[in-house]
Each structure stands twice: as C-alpha cells, then as structure tokens.
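1. Compute the structure for the input listed below.
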Amino acid sequence: MLTTTTTKVLEPGDLDVALAVLDRDPVANAFVAARVQVAGLDPWRLGGEMWGWYAGGRLESLCYAGANLVPICAGPEAVRAFADRARRSGRRCSSIVGPSEATAELWSLLEPHWGPAREVRPHQPLMVTRGMPADVAPDPFVRRVRKDEMDLIMPACVAMFTEEVGVSPLVGDGGLLYQARVAELVGSGRSFARVENGRVVFKAEIGAATARACQIQGVWVAPEHRGRGLSVTGMAAVLRHALEEVSPVVSLYVNDYNTAARAAYRRVGFEEVGAFMSVLF
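-> Predicted coordinates for the structure are as follows:
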C-alpha cells in the first residue's frame, strides 16, 4: 500500500478510484472523464498516461498526459509532483489545459524547461447551463451532420481550428488525426451544422460527453455570415440536443477576449462558473 505522498502511472485496475476523483467535478473534468469512461486507463487506448498523486495511500489527484497535459483536482503539492514527472519525461503534449489555478502553477514550474510557449491564454471562462432559454428559438435549420458529409463539414472544421488555435490541423500528419476526431463526432451524432447553398454557415459539436455533463466545442460561424445572430439561435439548437439526449448539464469554455462569443453564450443562458487556462506549444 502507498502510505506516503507519491505519484505513479495508473493501471487498468485503478479505474474505479480514478473515476471517483473525476466525479468530484463532473463539469470541469468532463473532457478527461469522457475519455476514461470509453477507453479505461490502458495508455494505448487512452492515448496517453494517467498519473495519480497519492497522499496517505489515497488517490487524491490526477494528471492526464497525452496530446494535452491536464491537471485534475490538483492542489499545490500534487501540481509540483506532476511538474516534476513531466519535466523528467520531456514535453510530449501540444498544450497544457485545465482549471486556471492549477494550470498556472503547473506552467510556472515547467516554463523554465519547456518554454517559451507559442501562446498562453490565462483566463478562459468556464460557462454552464442546465436549461433552455425562454426567449431564444432554436434555429430549425441546424441539423446533425450525416456520415456521408465529411467533405462538407471538414473545411469548416479546419477553418474553425485554424482561427481558434492559430495553426492548421493539417500540419504534420496531413490532418489524419484531426479528420479521425471529426469523423468520430460525426459518427456518434454529435456534430451539428446549418448548411446554405452547399456550404456550412454555422457549426458546433458536443465534444466530451458523460451522463453527468457534456461540453460544446468548435462553435463557428462563416465570416461572411457573422452578425446575423446565427451563433445564438444555432447554439440554442445544439443545446436542445445536448440537454435532451446527452446530459443534464452543458458546459463550454471560451477565450476571455472573445466578447462577442461570451455575449452570445450568455444570451442562450450560459453562466460563468470558473475559468480554464491553456498553454499552446
């Protein structure tokens, strides 16, 4: 039994205790919880390792170490332990993302070794809603993207990603991993769009999804159609699907400087309940 403060790579047999930690904050932890519920803790299926921090033999904190480095329920001592392990392992992730306080502390410890970052977004409001807005009618033209419409949705997804992250998802492997992720969302019925004249003018996905909370992501309006209110009515349409079919709580996080998006989300009923932070490499 682990009786002192320590970290280790979790194994499949640790699944129940890991899920118990993730369940402490089902909204903030939705992204990692959704992956773990589907893939378990086997690194090959999970797409990375799950590090556990123990105090007195009890699992208290987690850190997902895959394409993203994500601290979970991590106080200062756990963050220091995760930073030490990450420093020894070397940077394998393309971003660090998570609750702002823990992520800021983690980055402060890793920056001397991993820096400089391409971009740091220190305050990304985490927004939540549990119901439909009374005064916004969902866009009736927003619908699920069909499996045979990958050629239709991919250009919009690439444009959104490039605009949001600052680099194209086609760089490196030619977009194979990104296309696989888009195909996964389309195949599971969690990709939505409004199409006009054969082009996507609004899109969004229900990304991470558990029985307790889900997360809307990839919200995008074609530049020439902005200012028409499509983001408000489109979000209402996606929100209706999320609440009726996925989970009772719907969340998202947004860059603090994106005042138009924040206003649109508030219009649909989302309220700020916390903040994330992202470090992009």
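2. Find the centremost residue of this protein, please.
-> Nearest residue to the geometric centre of the chain (C-alpha atoms, centre = their mean): residue 31, 5.1 Å.
3. The closest residue to residue 198 other than its chain neighbours: what's it in contact with?
-> Among residues not flanking residue 198 along the chain, residue 152 sits closest, at 7.5 Å (C-beta to C-beta, 6 or more residues apart in numbering). Using the backbone N, CA and C atoms, a C-beta is placed for each residue, glycine as well. Going by C-beta atoms under 8 Å, 6 or more residues apart in numbering, residue 152 touches 145, 193, 195, 198, 199, 200.
4. ok, residue 152 to residue 191 distance?
-> The gap separating residue 152 from residue 191 is 10 Å, by C-beta to C-beta, to the nearest Å.
5. And residue 94, by the same measure?
-> From residue 94 to residue 191 the distance is 22 Å (C-beta to C-beta).
6. between these two, which one's more packed in?
-> Legend: neighbour count by other C-beta atoms under 10 Å for residue 94 and residue 191, higher for residue 191 (26 against 17).
7. re the thing from before, surely the residue nearest to the centre of the chain is in contact with residue 72?
-> No: judged on C-beta atoms under 8 Å, residue 31 makes no contact with residue 72 at a distance of 9.7 Å.
8. Quick one: neighbours of residue 248, just the number.
-> Per other C-beta under 10 Å, the neighbour tally for residue 248 reads 12.
9. show me the contacts for the spatially closest residue to it that is not a sequence neighbour.
-> Using C-beta to C-beta, 6+ apart and skipping the chain neighbours, the partner closest in space to residue 248 is residue 130 (6.3 Å). The contact partners of residue 130, taken as C-beta under 8 Å, 6+ apart, are 243, 248, 249, 250.
10. before we move on, back to that, so what's the residue nearest to the centre of the chain up against?
-> Contacts for residue 31 were tallied using C-beta under 8 Å, 6+ apart; they are 70, 207, 208, 215.
11. cool, residue 235 as well?
-> Contacts for residue 235 were tallied using C-beta under 8 Å, 6+ apart; they are 204, 216, 219, 264, 265, 268.
12. Which single one of the residues you listed is nearest to residue 12?
-> Residue 12 lies nearest to residue 216 out of the contacts of residue 235, by C-beta to C-beta, at 30.4 Å.
13. ok but that closest one is inside a strand, no?
-> Yes: judged by DSSP: H, G, I helix; E, B strand; the rest coil, residue 216 forms part of a strand.
14. how many other residues sit next to it?
-> Neighbour count for residue 216, taken as other C-beta under 10 Å: 27.
15. How about residue 166?
-> 10.
16. Ok, the one 3 residues further on next?
-> Counted with other C-beta under 10 Å, the burial measure for residue 169 works out to 21 neighbours.
17. what do you get for residue 205?
-> 27.
18. For the chain, which segments count as helices?
-> Using DSSP state H, the helices of the chain run over 15-22, 30-39, 43-46, 76-89, 100-114, 150-165, 176-187, 230-245, 259-267.
19. now for those helices, which one comes closest to residue 8?
-> helix 76-89 (9.4 Å).
20. Could I get the buried residue list for that closest one?
-> 78, 79, 81, 82, 83, 85, 86 (16 or more other C-beta atoms under 10 Å).
21. which residues are common contacts for residue 152 and residue 191?
-> residue 145.
22. Find the nearest non-adjacent residue to residue 19, please.
-> With C-beta to C-beta, 6+ apart as the criterion, residue 19 has its nearest non-adjacent residue at 6.5 Å, and that residue is residue 36.
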